[in-house]
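Student: Got a sequence here, can you build the structure:
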Amino acid sequence: MALDSLSLSLQFGKFPDAALHRAALPRHSVARWIRHALQSDAEITVRIVGQEEGQTLNRDYRGKDYATNVLTFDYTQEPVVTADLVLCAPVVAREAQDNGKTLQAHYAHLLVHGTLHAQGWDHETGDEEAQKMEACEIDILAGLGIDNPYC
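Tutor: Model (predicted):
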């Protein structure tokens with residue numbers, strides 16, 4: 001997938017271990033991961049948050065009262081993709097540890113996943129769409145030198 005332009009804002013909320021997450025997310029890496037998942041120009045904000053902010057956003061916008069790993073707020077897909085990707089640091093760290101993945105590799109996967117959502121991909125519409133999205137994620141991550149996250 002190719003694109004001409006990415007405008008990226010990378011933000012970190014205040015939460016315990018923020019320095020660890022900041023170290024796992026150098027701006028150039030975040031931009032590289034997102035660019036590999038984009039099919040057009042984009043303006044994307046990535047915000048890394050703590051448990052409370054993650055839970056509040058998930059409850060207020062999805063009606064689910066728990067913190068989840070990534071939330072995608074997609075605003076436009078054409079002519080420019082505009083979206084906010086919100087990742088909950090404690091959830092991401094726990095999942096990475098539980099699945100034997102590095103924090104950085106798990107962030108890369110979730111940023112690719114969220115970027116695909118921002119472009120209209122949706123794994124919750126059925127098994128076929130979920131399989132297509134997973135296959136796309138696996139291909140993108142392989143191109144980045146990252147192992148299949150679903151194994």
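Student: Please verify my assumption that Ile140 contacts Leu111.
Tutor: No. Counting by C-beta atoms under 8 Å, Ile140 stays clear of Leu111, with 10.2 Å between them. Where you see a C-beta, it was placed from the backbone N, CA and C, and this is true even at glycine.
Student: The two: which has the busier surroundings?
Tutor: For Ile140 and Leu111, the more surrounded residue by other C-beta atoms under 10 Å is Leu111, and the numbers stand at 24 against 21.
Student: so who does that one touch?
Tutor: Taking C-beta atoms under 8 Å, 6 or more residues apart in numbering, we find Leu111 in contact with 30, 33-34, 37, 46, 70, 85, 87.
Student: can you rerun that using 7 Å?
Tutor: Residues in contact with Leu111, defined by C-beta atoms under 7 Å, 6 or more residues apart in numbering, are 30, 33-34, 46, 85.
Student: Distance-wise, check it relative to Gly100.
Tutor: Distance check for Leu111 against Gly100: by C-beta to C-beta, to the nearest Å, it reads 19 Å.
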